[in-house]
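Engineer: Predicted coordinates and the sequence they were generated for:
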Amino acid sequence: MQRRAAAVYVAFFLVVGAVSFSLIATASAPHFSVEDPEYTLEGGESFTVDGTQYNVQSIEAEMTGGGGGGHGGGGGATLERSATLNWTNSSARYTQAWENGSTVTYDGDDWNVSIEPSADPSEVTLREAQNHTAILSEDPAVENETTTVDGQVYVVQRAGENGSRELIPAEDYFPAPATQQFSEGDEVQFAGNETTVAAVSNTTVTLEWFAPQTNEIAVEDTANVSIGANTYFAHFPNNETLALTQDYGQYQAYQEQSTAFKTHSDGLWGVTLLSGLISVFVTGLAYLPSRY
């Protein structure tokens, strides 16, 4: 009688466990997709937001995590999708700083920057940066290096027939360097651009010009991205397509459905495992030896 009752209970719990497991096996997890996105784009396509054209530079899909190699790949690997957008600012502001006492390249030559200290400087002088070593090496009548005597720099003339040498003051030997002078507001050609001497201080000269500049925007899957003054939610339905929407409620609803699905799935797994354990426990009790 004891074993018959146990068999009934075992059968009941096995049925309960089988039903809960079948529900787990047949249930489908929620799938997220963007309905009626503002933009559906592929690599190389362009779209316009607030008068600015944006280009889909690339769409990439990469397996990350999991480790391991071989054809099977590693466990735990995930597919991450991303995209890069670019747009061109036709009049971006560029600046270049010339520090006082530094050497800069201007108009194809090297120049030393000189700013006369004052309460409110407005001018800068560029002095030709002469290559004294090169000048000396081209003159067979002098040594290739200068010498300093009592703080004065001299050029050494090579010994003549009588073995004598002459020291020539460097400022008398080398030609006077060329100079150029600029004031705040002057227009100059710099790096192929029409450039303005925007500001002069005791330490720095600031050059300013405007030219096209290409900017990039990184787009991650199921994340917000700022495009111009607008914010969009980005999703990649496949490895070649990017969808942009401002309807954030779609993803919120998907998250709520996913949470509910996981809660129900965990509960069913609990019923399945508990039913199995109870069945084993009841079966064991049924076969315990009777004391009567």
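Structural biologist: Right, received. Where do you want to start?

Engineer: Can you mark which positions in the helix or strand where residue 267 lies are buried?
Structural biologist: Secondary structure assignment for residue 267, by DSSP states H and E: helix 249-286. Using 16 or more other C-beta atoms under 10 Å as the test for burial, helix 249-286 gives 250, 251, 254, 268, 271, 272, 275, 276, 278, 279, 282. Every residue, glycine included, has its C-beta placed from N, CA and C.

Engineer: can you put those residues in a markdown table and add pLDDT and distance to residue 181?
Structural biologist: Formatted as a markdown table, those follow (pLDDT from 0 to 100; distance: C-beta to C-beta, whole Å):
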| residue | pLDDT | distance to residue 181 |
| --- | --- | --- |
| 250 | 82 | 64 |
| 251 | 77 | 62 |
| 254 | 74 | 67 |
| 268 | 72 | 85 |
| 271 | 75 | 89 |
| 272 | 79 | 88 |
| 275 | 74 | 94 |
| 276 | 76 | 93 |
| 278 | 73 | 97 |
| 279 | 73 | 98 |
| 282 | 65 | 103 |
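
Engineer: mind giving me CSV with those residues and columns for distance to residue 131?
Structural biologist: What follows is the buried residues of helix 249-286, written out as CSV (distance: C-beta to C-beta, whole Å):
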residue, distance to residue 131
250, 68
251, 65
254, 69
268, 84
271, 88
272, 86
275, 91
276, 89
278, 94
279, 95
282, 99
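
Engineer: Would you state the helices of the stretch 51-200 of the chain in chain order?
Structural biologist: For the stretch 51-200 of the chain, the helices defined by DSSP state H, counting those that start in this stretch occupy 132-137, 170-173.

Engineer: Show me what the first one is packed up against.
Structural biologist: Here helix 132-137 is seen to pack against strand 142-149 when contacts are counted using 3 or more C-beta pairs under 8 Å, 6 or more residues apart in numbering; DSSP states H and E.

Engineer: contacting residues around residue 221?
Structural biologist: Going by C-beta atoms under 8 Å, 6 or more residues apart in numbering, residue 221 touches 80, 81, 82, 234, 235, 236.

Engineer: Need phi/psi at it.
Structural biologist: Taking degrees, to the nearest 10, you get phi -70, psi 140 for the backbone angles of residue 221.

Engineer: quick one: contacts for residue 50?
Structural biologist: 228, 229, 230.

Engineer: cutoff 6 Å now
Structural biologist: residue 228 (C-beta atoms under 6 Å, 6 or more residues apart in numbering).

Engineer: Just the element for residue 202, please.
Structural biologist: Residue 202 belongs to no helix or strand, assigned by DSSP H and E.

Engineer: neighbours around the nearest residue to it once chain neighbours are set aside, how many?
Structural biologist: Excluding the flanking residues, the one nearest residue 202 by C-beta to C-beta, 6 or more residues apart in numbering is residue 117, at 5.2 Å. Residue 117: 8 surrounding residues under other C-beta atoms under 10 Å.

Engineer: Residue 116 too?
Structural biologist: Count around residue 116 with other C-beta under 10 Å applied: 10.

Engineer: what does the one 4 residues further on give?
Structural biologist: Neighbourhood size, residue 120 [other C-beta under 10 Å]: 7.
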